[in-house]
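Participant: need a 3D model of the following:
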Amino acid sequence: RGARVLCGGVSPDRPGWFYEPTVLSGVTPEMRLFLEESFGPVASLYRVEDVEEAVALANATSFGLGANAWTNDEREQERLITELEAGMVAVNGMVVSYPQLPFGGVRNSGYGRELSAHGIREFCNLKTVWIG
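Facilitator: Numbers count the residues shown, from 1 in each chain. The predicted structure follows:
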């Protein structure tokens, strides 16, 4: 549909279900890859003019599990943390799962959290009792 494979993009000729890590550019909002979560080793590269366009592009999805952003500018870091609509935001690193931290997304990437003290409460059934 017009995206460009920068590297990867083929299944190795060997037994099993394998797919090379793939990097694509030129992905547009009309393409399935733009609209859906890719659970394969696929990365899409987008070129934007500024932080506003980057945030708008990142938020133009019905998903929101995790977001990664790279910048050493503290104002940009705060803005990305605040404005990116995701359950987890990693600045200058990759989103990872630690048992001590809540894990989960927003919108179609999940409801609630798992792991940590916050996550364990997702499995509790609380009862409110009031006696007058």
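Participant: now do the SS call for residue 117.
Facilitator: Following DSSP: H, G, I helix; E, B strand; the rest coil, the label given to residue 117 is helix.
Participant: what's around it, how many residues?
Facilitator: 9 (other Cβ atoms under 10 Å). Any C-beta I mention is one placed from the backbone N, CA and C, and that applies to glycine too.
Participant: so which residues of the protein form strands?
Facilitator: 4-7, 22-25, 42-45, 66-69, 88-91 (DSSP state E).
Participant: now those in a markdown table, with distance to residue 126?
Facilitator: Listed next are the strands of the chain as a markdown table, based on distance: least, Cβ to Cβ, whole Å:
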| stretch | distance to residue 126 |
| --- | --- |
| strand 4-7 | 50 |
| strand 22-25 | 45 |
| strand 42-45 | 41 |
| strand 66-69 | 28 |
| strand 88-91 | 25 |
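Participant: show me how far the helix or strand of the chain with the lowest mean pLDDT is from its chain's centre.
Facilitator: Lowest by mean pLDDT, DSSP states H and E among the helices and strands of the chain is helix 116-121, with a mean of 80. Helix 116-121 sits 21 Å away from the centroid of its parent chain (Cα atoms, centre = their mean, to the nearest Å).
Participant: same question, stretch 15-33
Facilitator: Using Cα atoms, centre = their mean, the offset of stretch 15-33 from its chain centre is 16 Å.
Participant: okay, how far is it across that stretch, tip to tip?
Facilitator: 26 Å (Cα to Cα, to the nearest Å).
Participant: buried ones in it?
Facilitator: Within stretch 15-33, the residues that count as buried by 16 or more other Cβ atoms under 10 Å are 22, 24, 27.
Participant: surely the second one is in contact with residue 46?
Facilitator: Okay, so that is residue 24. No - in this structure residue 24 lies outside contact range of residue 46 using Cβ atoms under 8 Å: 9.9 Å.
Participant: and the most centrally placed residue in the chain, what are its bridge partners?
Facilitator: Centroid-nearest residue in the chain, with Cα atoms, centre = their mean: residue 66, separated by 3.1 Å. Beta-bridge partners recorded for residue 66 (DSSP bridges): residue 88.
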